[in-house]
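Peer 1: Give me a model of this one.
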Amino acid sequence: QVQLVESGGGLVQPGGSLRLSCAASGSIGSIYAMGWYRQAPGKQRELVATITSGGRTNYADSVKGRFTISRDNAKNTVYLQMNSLKPEDTAVYYCNADLTYYSGSYYRNNYWGQGTQVTVSS
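Peer 2: Numbers count the residues shown, from 1 in each chain. Predicted structure coming up:
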């Protein structure tokens with residue numbers, strides 16, 4: 001079984017910073033793209049940032065220049081450094097990974113973490 005476990009969410013004042021982490025565990029073969037998505041109350045889940053195994057990144061326009069995605073391939077972990085946070089960044093943040101796992105043979109699938117709440121408020 002494969003699990004993605006997020007950590008690092010919480011309450012922060014506008015202008016503050018948070019760092020989210022997501023570690024993948026289980027019988028993992030290769031991890032391709034990893035990313036962060038978020039869902040605010042009453043809204044659809046949206047892409048925040050993605051990163052390929054080679055380190056190529058992609059960001060939503062709303063977070064460019066404020067958020068930085070990175071990954072440690074040796075630890076199967078992806079990070080999201082969030083600076084200059086705004087109230088509109090308040091959402092549940094979900095980690096996503098496109099990977100192969102071993103179950104008698106190798107299979108490819110897409111996995112989600114359970115989500116971590118980020119609240120930006122004074």
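Peer 1: so which helix or strand takes in the residue nearest to the spatial centre of the chain?
Peer 2: Nearest residue to the geometric centre of the chain (Cα atoms, centre = their mean): Trp36, 2.9 Å. Per DSSP states H and E: Trp36 is located in strand 28-39.
Peer 1: and that strand, what other elements does it pack with?
Peer 2: Using 3 or more Cβ pairs under 8 Å, 6 or more residues apart in numbering; DSSP states H and E as the contact test, the elements touching strand 28-39 are strand 18-25, strand 46-51, strand 67-72, strand 77-82, strand 91-102. Using the backbone N, CA and C atoms, a C-beta is placed for each residue, glycine as well.
Peer 1: what is the closest residue to Pro87 other than its chain neighbours paired to in the beta sheet?
Peer 2: Counting by Cβ to Cβ, 6 or more residues apart in numbering, Pro87 lies nearest to Val120, which is 5.0 Å off, once chain neighbours are set aside. Beta-bridge partners of Val120, counted by DSSP bridges, are Val12.
Peer 1: Just give me the neighbour total for Val120.
Peer 2: 19 (other Cβ atoms under 10 Å).
Peer 1: From Arg108, how far out is Val48?
Peer 2: According to Cβ to Cβ, to the nearest Å, Val48 and Arg108 sit 23 Å apart.
Peer 1: next one: Val5
Peer 2: For Val5, the distance to Arg108 - Cβ to Cβ - is 21 Å.
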